[in-house]
Structures are given as structure tokens and as C-alpha cells.
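Q: this one's structure only:
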């Protein structure tokens, strides 16, 4: 299933091709081994309140969200082989190409929406 993700607070798009990882194996694999994450793509991992970028080949923006899809915090351009802190208020994370959060001016407190695409 694919989603279109919008920042409702700023009326800006974050992704028009975001996948969802909600099974153990999908969450475990995440973006490991991905060599390119094009602009407009992303991965929404739920449940999740901390990530690692082990075995990843690209930096990513990690947007941590609470249960109401409000941004808790953002790890900008997180490089491979790093671990985020644990965000106790986060219920999911949206992984995006590095620079997406800054380009869309997404900040903590913003509210996102996920629209299912057919």
C-alpha cells in the first residue's frame, strides 16, 4: 500500500510514494540495502520510537510522529551506521530522503496526514 504524505500545518507535500512497514520483517528490513531514495518516496514505520541506520547506504531524514501524526522531532540527514535516541512520545517514524524535512520547512509540532493511494 502506498501513501501520499502532506504536512497539514505548512500545506507542503513530504512524499507522494510512501510505503508502510508495519510487520516485524518489514520494520526490521526498513531501508537497509537501499542505494537510492528518490525525492517523493519514503517509508512509514509503525510502531516505532527509535531507529538505526545500520547497513544503510544513504542518509535519511527521520520524522518521528505521535499517535495523532504530530511531529515529535526530526533527525535531519541521519548518516549510515547511526542510532537515534528513543522518543518516548513517538509511535511511528517517517523516513524520507535527506533534506526533505528542511526543504518542506517541517518542524516539531507540525501535523501530517497520510492519504491512501489506489
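A: Everything's here; your move. Treat the numbers as computed from the prediction; the structure is a model and nothing was measured.

Q: Against residue 60, how distant is residue 38?
A: 12 Å (CB to CB, to the nearest Å). (Each C-beta comes from the backbone N, C-alpha and C, glycine too.)

Q: Could you name every residue contacting both of the two?
A: residue 97 (CB atoms under 8 Å, 6 or more residues apart in numbering).

Q: out of these two, which sits in the busier spot?
A: A side-by-side neighbour count of residue 38 and residue 60, using other CB atoms under 10 Å, places residue 60 first with 30 against 9.

Q: wait, the more buried one sits on residue 95?
A: Yes: under the criterion of CB atoms under 8 Å, residue 60 makes contact with residue 95 at 4.9 Å.

Q: any common contacting residues for these two?
A: The contact sets of residue 60 and residue 95 overlap at 31, 37 (CB under 8 Å, 6+ apart).

Q: Give me the longest helix you can find in the chain.
A: helix 24-29 (DSSP state H).

Q: Geometrically speaking, which residue is the centre of this structure?
A: residue 94 (1.5 Å; CA atoms, centre = their mean).
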